[in-house]
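[1] no sequence on this one, just coordinates:
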């Protein structure tokens with residue numbers, strides 16, 4: 001076995017994050033004003049903000065509902081929802 005001069009690149013083998021999008025309106029966080037504003041206030045990107053803060057985000061799929069779509073969907077909650085007790089996440 002030979003000595004490796006350069007360290008391995010973790011991005012080559014770590015799972016890559018899925019691009020989040022709202023399943024109600026089929027928009028990415030970069031296309032939704034509320035996330036653009038929130039991200040700029042936190043000095044991050046809209047997608048990173050959604051990954052860190054959006055309660056309806058399903059991290060396995062990247063699906064979430066923006067506020068308008070969440071309201072249109074009847075503001076679902078989960079007694080024993082997919083996200084755990086009392087938390088609903090997008091399928």
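    Alright, I've got the coordinates. What you see is a predicted model, and the numbers here were worked out from it, not measured in a lab. Numbers count the residues shown, from 1 in each chain.

[2] could you use CA atoms for every contact and neighbour count after this?
    Noted.

[3] list the buried residues of stretch 29-39.
    29-30, 32, 35-36, 38-39 (16 or more other Cα atoms under 10 Å).

[4] show me which of those is closest to residue 64.
    residue 29 (9.7 Å; Cα to Cα).

[5] who's in contact with residue 20?
    By Cα atoms under 8 Å, 6 or more residues apart in numbering, the residues touching residue 20 are 28-29, 47, 50-51, 57, 61-64.

[6] quick check, pLDDT for it.
    Here, the pLDDT recorded for residue 20 equals 95.

[7] what does residue 33 give?
    Reported pLDDT for residue 33: 97.

[8] and residue 61, by the same measure?
    Residue 61 is assigned a predicted lDDT (pLDDT) of 91.

[9] quick check: closest non-adjacent residue to it.
    Counting by Cα to Cα, 6 or more residues apart in numbering, residue 61 lies nearest to residue 18, which is 6.7 Å off, once chain neighbours are set aside.

[10] okay, now the one you found: neighbour count?
    When neighbours are defined as other Cα atoms under 10 Å, residue 18 has 13 of them.

[11] now do it against residue 62, distance only.
    5 Å (Cα to Cα, to the nearest Å).

[12] what does residue 39 give?
    17 Å.

[13] show me where the protein has strands.
    For the chain, applying DSSP state E gives strands covering 21-22, 63-64.

[14] out of the contacts of residue 20, which end up buried?
    Applying 16+ other Cα under 10 Å to the contacts of residue 20 flags 28-29, 47, 50-51, 57, 62-64 as buried.

[15] how far away is the spatially most central residue of the chain from residue 74?
    Against the mean C-alpha coordinate of the chain, by Cα atoms, centre = their mean, the closest residue is residue 51 at 3.6 Å. Using Cα to Cα, residue 51 is found at 22 Å from residue 74.

[16] then residue 48?
    Distance, residue 48 to residue 74, using Cα to Cα: 26 Å.
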